[in-house]
Each structure stands twice: as structure tokens, then as C-alpha cells.
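A.B. asks: Here is the input, now give the coordinates:
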Amino acid sequence: MRKIIIVISAIVFLTSCKKEPNKPNNRLVIGSWKWEKTYSPWAPYITRRSSEALYILTFNSNRTFTFKQNDTLLRSGTYQFRYELSINSNVKEWLLFYSDFETGNIISIIDNKLYISANGIDANSNEYSRY
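C.D. replies: Numbers count the residues shown, from 1 in each chain. Down below sits the predicted model:
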């Protein structure tokens, strides 16, 4: 009887654990991305065409990034993905974190477009295209 209880307890324990979803594939973000526009819930979006500046965000395979405006470095550091609670959806999901900024970002890649949104209610969302 004791063996049956141990086996049942083990089965319940092993099947009730939620597995963390697969970590995002770092290779999908590696490369350079040209900023196209920023969507804002509070104002009309700003397009790249309304500005003479060219903004390039580059993710490297060694988990470093750079953000440049017309070849002038604005930001650089490291990045990582962490499985944390999203403020937007109130569920855990993989978020992008920059070394110089502690708030996670929601990231998605659709049809060679990279979307990075701040993890917050009514937050801006940036759209990039492969460069």
C-alpha cells in the first residue's frame, strides 16, 4: 500500500508541474534592424520618414547590442531573455531585458518585422525592419 501511495504521489507531482516554454531562439533577433515607427497609445505614431535620422538596433550573437543614430552610438550593452510576469497579459512570458534598463520588453518577429513593446499598460511599441 505504501508503494502505491508513493507512486501515485510521484505521478501527481510530475504531471502537475508546469514546464517553462522554450526560450526564444536568439538567432531570430541577431542582426541589424532599422527603426520604422513608434506606436503610441497617447499620440499619433512617429514614422522614420518624418525624421532625417536613421536609427539602427543591432543584436549580436554574443548577447551584446548597439543602438545607433546615423552611425553615432547612443546605447550599447548586453541583452537577455527572462521568463517573467508580463504586465500587459498578467501571465509569464519571455521578455527581452537590456543591461542598462531593468524593465522587460515584449518582443515578437512577424514577416521580417521586429516589434518591441515596453512591458507596461499603455506603453509605446516600436517597429523595426531587417537592415
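A.B. asks: helices or strands next to the lengthiest strand in the chain in the packing?
C.D. replies: Scanning the chain for the strand with the most residues, using DSSP state E, yields strand 72-85. Using 3 or more CB pairs under 8 Å, 6 or more residues apart in numbering; DSSP states H and E, the elements in contact with strand 72-85 are strand 64-69, strand 92-98. C-betas here are computed from N, CA, C, even on glycine.
A.B. asks: Mind telling me which of these the model trusts least?
C.D. replies: When those are ranked by mean pLDDT, strand 92-98 comes last with a mean of 88.
A.B. asks: in it, what's buried?
C.D. replies: Of the residues in strand 92-98, 93, 94, 95, 96, 97, 98 count as buried by neighbour count, 16 or more other CB atoms under 10 Å.
A.B. asks: what's the following helix or strand after that strand?
C.D. replies: Once strand 92-98 ends, the next helix or strand along the chain (criterion: DSSP states H and E) is strand 101-110.
A.B. asks: Give the rounded mean pLDDT of that next one.
C.D. replies: For strand 101-110, mean pLDDT rounds to 82.
A.B. asks: With stretch 120-128 instead?
C.D. replies: On average, the pLDDT along stretch 120-128 is 84.
A.B. asks: Give me the contacts around that stretch.
C.D. replies: 33-42, 57, 87-88, 103, 113-118 (CB atoms under 8 Å, 6 or more residues apart in numbering).
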